[in-house]
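>>> Quick one, fold the following:
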Amino acid sequence: HRLVVMDRRGNASLYSALGERVSEFHFGNGIREVREVRVFPTTHDSGVAIIDDQMRIFVVNSVSEP
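Sure, this is the predicted structure:
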């Protein structure tokens, strides 16, 4: 199991079950504020979708390989 932590600016951190930071990724420089976040299952991993304050949608299909 892993934990995905997202801040309001679109920065995401992935943590292991032991609380160690595994990786980080960013959804884009133009994001001023994340309005909504959804995590979804994929065939071999999990993905993340966000909607920003301008109603734009950003998707990462694999948190292990963004």
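>>> all helices in the chain, in order from the N-terminus.
Taking DSSP state H, the chain contains no helices at all.
>>> just for it, where's the confidence low?
Residue ranges of the chain with pLDDT under 70: 66.
>>> Now the residue of it positioned farthest from its centre: phi and psi?
Most distant residue from the mean C-alpha position of the chain: residue 18, 19.1 Å away (CA atoms, centre = their mean). Dihedral angles of residue 18 (phi, psi; degrees, to the nearest 10) stand at phi -90, psi 0.
>>> switch to numbering from 488
That works, and once the first residue is 488, the last one we named lands at residue 505.
>>> For it, which residues are in contact?
Not one residue lies near residue 505 by CB atoms under 8 Å, 6 or more residues apart in numbering. Heads up, the C-betas are built off the backbone N, CA and C, glycines and all.
>>> measure it to residue 542 for me?
Per CB to CB, to the nearest Å, residue 505 is found 37 Å from residue 542.
>>> Next: residue 491.
22 Å.
>>> Compare these two (neighbour count), which wins?
Looking at residue 491 and residue 542 with other CB atoms under 10 Å, you find the greater number of neighbours at residue 491, namely 16 against 8.
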